[in-house]
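Undergrad: I would like to see how this sequence folds:
(one chain, ligands or ions: 1)
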Amino acid sequence: MDYGFFDGEFISLDEPKVQLEDRGYQFGDGIYEVTRIYNGKPFALTRHLERCRRSLRELRIPITYMDEELTAIHNDLIKKSGIRNGAIYFQITRGCAPRSHAFPDQTVPLLSMTIRESAPDADQQENGIHCILAEDIRWLRCDIKSLNLLGNVLAKQAAHDKGVQGTIQYRKDQNLITEGSSSNFFIVKDDIIWTHPTNEYILKGVTRSILMDELIPKLGYTVVEKAFTPEFALTADEAFATSTSLEVTPVVDIDGHTIGTGAPGSISCALLKAYHELVAKECK
Ligand code: PDD
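TA: Numbers count the residues shown, from 1 in each chain. Below you'll find the predicted structure:
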């Protein structure tokens, strides 16, 4: 059963629990993480908690939830819900205070979480997704996993409006691709993997890090962290997007241009296979 956690209590998802003056609700003043649950176990939780701490530090939200406590709540939610395969969403806001832009004097961060059953889209992984390009209109701290997601929401809606599955964003002033609306983006050209470097223009995805630190070196591929233009991406041999929910999903069409042969490329498929093997090993 889907389940929630709010301000220290386990609750069912239909219980009305938002605090009107939560700064997350009024300003988007908070951070979040999404972790996948495989076989009743959270995958890559250490990496997610590390990024959560970094996001809190960057926003100067006091770190009042320790990794041990967050891990225990993840495990309790999995147990209470009985969910074996799904996703846990959690957010920590700066807390509740009468509405005023500057930080309140007393900050008591507020944690809430949900668990829901879900599975990666096997059809998309097998056949690839079609994407559009859209201007990246987000703020210049995309490295923080903050609750402010309107730029991402509008980017994703643009794909839905066009009847395709994804959006790849580019900065118009630089003519450089950054990332997907909720994923990191990679291309392969002449056996070299390209992806945007980690700076304020993209989120350092946990899935991206697993590929960069573990899977790409293991499979012996060459990768460069260098931004590239939309025009260059259209000439790629392969393209793929990574995220907690997509895992590694091939991109076979961008703005109506076929990428490579139009079928998922061999490097994308090898990385997805290696990712599944890692998940199977970590979440036995
Ligand atoms: N999104 N870039 C953006 C803008 C994202 O929102 C995400 C993840 C990623 C990939 O990060 P990771 O590999 O850690 O999932 C990159 C989550 C899943 C979401 O918003 O639901």
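Undergrad: quick one: secondary structure of the closest residue to Arg138 other than its chain neighbours?
TA: Leaving aside its chain neighbours, Arg138 sits nearest to Gly151 (3.5 Å; criterion: C-beta to C-beta, 6 or more residues apart in numbering). Bear in mind the C-beta positions are built from the backbone N, C-alpha and C, glycine included. Per DSSP: H, G, I helix; E, B strand; the rest coil, the secondary structure class of Gly151 is helix.
Undergrad: With Ile61 instead?
TA: Reduced to three states by three-state DSSP, Ile61 is coil.
Undergrad: if I pick it, what's in contact with it?
TA: Asp29, Gly30, Ile31, Ile92, Thr93, Arg94, Thr107, Pro109 (C-beta atoms under 8 Å, 6 or more residues apart in numbering).
Undergrad: swap in His257?
TA: His257 neighbours (C-beta under 8 Å, 6+ apart): Leu234.
Undergrad: So it versus Ala233, what's the distance?
TA: 9 Å (C-beta to C-beta, to the nearest Å).
Undergrad: give me the residue from the stretch 51-200 of the chain nearest the ligand.
TA: Distances between the stretch 51-200 of the chain and the ligand by C-beta to the nearest ligand atom are smallest at Ser182, namely 3.6 Å.
Undergrad: ok, now how distant is that residue from Thr93?
TA: Ser182 is 20 Å from Thr93, where distance means C-beta to C-beta.
Undergrad: quick one, helices of this structure?
TA: For the chain, the helices defined by DSSP state H cover 23-27, 45-58, 67-81, 122-127, 150-162, 206-210, 216-219, 230-234, 266-282.
Undergrad: Just name whatever secondary elements the last one is in contact with.
TA: Where contact means 3 or more C-beta pairs under 8 Å, 6 or more residues apart in numbering; DSSP states H and E, helix 266-282 is packed against helix 206-210, helix 216-219, strand 238-243, strand 247-254.
Undergrad: residues of the shortest one that come out buried?
TA: Neighbour-count burial for helix 216-219 flags Ile216 (criterion: 16 or more other C-beta atoms under 10 Å).
Undergrad: Restricting to C-alpha, output that helix in PDB.
TA: Extracted C-alpha coordinates of helix 216-219, given in PDB (Å, rounded to 0.1, in the frame of the first residue of the first chain):
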ATOM      1  CA  ILE A 216      31.800   3.300 -17.800                       C
ATOM      2  CA  PRO A 217      35.300   2.400 -16.400                       C
ATOM      3  CA  LYS A 218      34.300  -1.200 -15.900                       C
ATOM      4  CA  LEU A 219      33.200  -1.500 -19.500                       C
END
